[in-house]
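1. coords please:
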Amino acid sequence: MNRFNDFILDLNFQSIESNYILNPNLPNKRTIKGFVTNHELNPISSFHFHSLAPFKRGEHVEIDGNDYLVMTDVITNRVQKRKAIVTYCNFTHDKIMIDKVLVGYDDLGRPIYEDKEVDYGIEYGVLKYKDVSIPTNETINLIRTVYDLSITDNEVNRRYFTYDKVLTFEGRTYRITDLVFTNKGLIVARLQ
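-> All right, here's what the predicted structure looks like:
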């Protein structure tokens with residue numbers, strides 16, 4: 001099988017690529033060259049994102065002023081380029097946690113900490129309808145909708161998005177019933 005010549009591939013990419021911002025809401029944001037092609041018709045806007053530069057699952061790409069989350073793995077090159085499915089982030093949530101914050105030192109030089117609210121910024125994610133659940137151990141059986149929330153896997157999100165955490169989104173309240181860490185770079189939280 002003949003593979004593309006790197007020079008020809010670079011030349012073709014230069015004619016169609018644009019600049020995109022990778023991780024626009026984080027301190028480690030950077031510009032990446034790439035291009036976007038259509039993905040299958042979906043209730044949530046999705047695209048194929050192509051680039052010669054490395055990027056990985058769980059990172060955010062800003063396309064036309066909107067945040068998109070890289071949902072698929074980008075371990076291997078596909079014909080000398082990287083390709084992944086990016087999905088529109090239809091979920092936003094302010095991450096405010098109570099943490100111990102260093103406020104000073106006592107007379108003996110020991111640190112003094114206080115519990116304060118710390119704002120860790122806004123988390124963008126992809127919220128998808130998953131299934132319905134009918135609990136049978138209750139007096140009145142009610143149908144509960146189940147959603148999957150995909151977010152970036154990092155230290156702050158692992159501390160913030162925990163079991164039984166209650167999230168309010170679009171005037172509705174959801175509770176995290178399960179967390180899945182099988183997709184490297186993503187946390188998938190099951191909400192009810």
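2. Please name the strands paired to the longest strand seen in the chain in the sheet, noting orientation.
-> Selection of the longest strand in the chain by residue count, based on DSSP state E, yields strand 111-133. Strand 111-133 pairs in its sheet with strand 91-105 (antiparallel), strand 144-152 (antiparallel), by DSSP bridges.
3. how about those in a markdown table, adding mean neighbour count?
-> Any C-beta I mention is one placed from the backbone N, CA and C, and that applies to glycine too. Listed next are the strands paired with strand 111-133 as a markdown table, based on neighbours: other Cβ atoms under 10 Å:
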| stretch | mean neighbour count |
| --- | --- |
| strand 91-105 | 12 |
| strand 144-152 | 18 |
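4. Now tabulate the ones you listed in a markdown table and tack on distance to Tyr20 and mean pLDDT.
-> Listed next are the strands paired with strand 111-133 as a markdown table, based on distance: least, Cβ to Cβ, whole Å; pLDDT from 0 to 100:
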| stretch | distance to Tyr20 | mean pLDDT |
| --- | --- | --- |
| strand 91-105 | 20 | 85 |
| strand 144-152 | 17 | 86 |
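5. out of those, which comes closest to Ile16?
-> Checking these against Ile16 by Cβ to Cβ gives strand 144-152 as the closest, at 27.9 Å.
6. what ranges of this structure fall below the confidence cut-off?
-> 1-15, 78-79, 132-142 (pLDDT under 70).
7. if we go to 80?
-> Scanning the chain with the threshold set as pLDDT under 80 gives 1-17, 39-44, 75-80, 130-145.
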